[in-house]
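Enquirer: Structural data only, the sequence is not supplied:
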């Protein structure tokens, strides 16, 4: 139910500069799109017509959509609790999807909510996987369009498509592969990571046998989740005493290949903010924050610090 609410909210609503939520005014300016795509005239007209059509079947207030989805799921739950006879008259699981009137899916949100609510867990997971695959393909297409237009406008391809790694701090503690591979005890952990240490291909070349070979790729998986030290988030005290760094952490190149995951940044961001609050309340350098109190608060807030 929450996935469905998020899907509808991300697809059809947006917040303006005052924070007021409203129906989206343009399909090319949705927050879900990571790229700025400049549509052609006819693409813009078609997108505008698509938006106007949605004004006629979507409530202007997303809270009403949430209530509609809640009602559909509660109605389905009541059918389940009523017994087999009542439930048999209401299609569920794969049959709901196979027997659904797909022409009504696009313009009848209530019907879409009813069918989605009737899906079994396996069918719902499969539907979500299909959506994610199609969404990935859509964004990939937008990326190709944006790159092609950049080339047409500038006469060359962009010099840098993505920077997965940049300059990092050298802090009180430097995370290395020994930490990621759990070969040593990591001091004062404030979070955990588990992604494989990877470094992407530097280039591809054709071998003497005529095959394409990747060169420079590294991929090593940790044996289990590993700890990330508080010292890797703090600079040396003589250099800076009021800074906590949850992204450009103090680590080696190969260790950062694992740490640089968005979920890990979220974990370290929470720990960094908590440490900063302790430093402010205690009027002390971040390096002097009492780790015992920090650990106690992080655990109370749901952080996982050991495995």
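Expert: Happy to help now that I have it. In this text, all values refer to a predicted model and were calculated from it rather than measured experimentally.
Enquirer: so how far is residue 283 from residue 148?
Expert: Using C-beta to C-beta, to the nearest Å, residue 148 is found at 55 Å from residue 283. To be clear about C-beta, it is placed using only N, CA and C from the backbone, and glycine gets the same treatment.
Enquirer: okay, these two: which has more neighbours?
Expert: Neighbour count, other C-beta atoms under 10 Å: between residue 148 and residue 283, residue 148 has more, with 11 against 6.
Enquirer: avg pLDDT for the one helix or strand that one maps to?
Expert: Under the criterion of DSSP states H and E, residue 148 resides in helix 121-154. The average pLDDT for helix 121-154 rounds to 75.
Enquirer: Return the list of helices and strands in contact with that helix.
Expert: helix 93-98 (3 or more C-beta pairs under 8 Å, 6 or more residues apart in numbering; DSSP states H and E).
Enquirer: what mean pLDDT does the helix it packs on have?
Expert: pLDDT averaged over helix 93-98 gives 51.
Enquirer: ok, now how distant is residue 73 from residue 118?
Expert: Separation of residue 73 from residue 118 (C-beta to C-beta): 9 Å.
Enquirer: Could you check which of those two has the larger neighbour count?
Expert: Using other C-beta under 10 Å, the more surrounded residue of residue 73 and residue 118 is residue 118, with 24 against 16.
Enquirer: In this structure the more buried one contacts residue 76, no?
Expert: Yes. Contact criterion C-beta atoms under 8 Å: residue 118 and residue 76 qualify, at 5.4 Å.
Enquirer: still on that earlier bit, starting at the chain centroid, how far to the helix holding residue 148?
Expert: Helix 121-154 sits 15 Å away from the centroid of its parent chain (C-alpha atoms, centre = their mean, to the nearest Å).
Enquirer: Which positions within it qualify as buried?
Expert: 123, 124, 127, 142, 145, 146 (16 or more other C-beta atoms under 10 Å).
Enquirer: Check stretch 184-202 too.
Expert: 186, 188, 189, 190, 191, 192, 193, 194, 195, 197, 199.
Enquirer: for stretch 203-223, same thing?
Expert: Quick answer for stretch 203-223 (16+ other C-beta under 10 Å): residue 222.
Enquirer: where do the strands sit along the stretch 51-200 of the chain?
Expert: Along the stretch 51-200 of the chain, the stretches classed as strands by DSSP state E, counting those that start in this stretch are 189-193, 197-199.
Enquirer: Which one of these has the poorest average confidence?
Expert: Note on these: lowest mean pLDDT is at strand 197-199, with a mean of 88.
Enquirer: what's in contact with the following helix or strand past that one?
Expert: Remark: after strand 197-199, the chain's next helix or strand is strand 203-206, criterion DSSP H and E. Applying C-beta atoms under 8 Å, 6 or more residues apart in numbering, the contact partners of strand 203-206 are 212, 213, 214, 215, 216.
Enquirer: same thing but 6 Å
Expert: If you take C-beta atoms under 6 Å, 6 or more residues apart in numbering as the criterion, strand 203-206 is touched by 212, 213, 214, 215.
Enquirer: Now for the residues you listed: which two are most distant?
Expert: 212 and 215 (10.2 Å; C-beta to C-beta).
Enquirer: So what does the closest residue to residue 199 other than its chain neighbours have for phi and psi?
Expert: Sequence neighbours aside, residue 218 is the residue nearest to residue 199 in space, at 4.2 Å (criterion: C-beta to C-beta, 6 or more residues apart in numbering). Dihedral angles of residue 218 (phi, psi; degrees, to the nearest 10) stand at phi -130, psi 140.
Enquirer: Let me know the distance separating residue 218 from residue 10.
Expert: Taken as C-beta to C-beta, the span from residue 218 to residue 10 is 35 Å.
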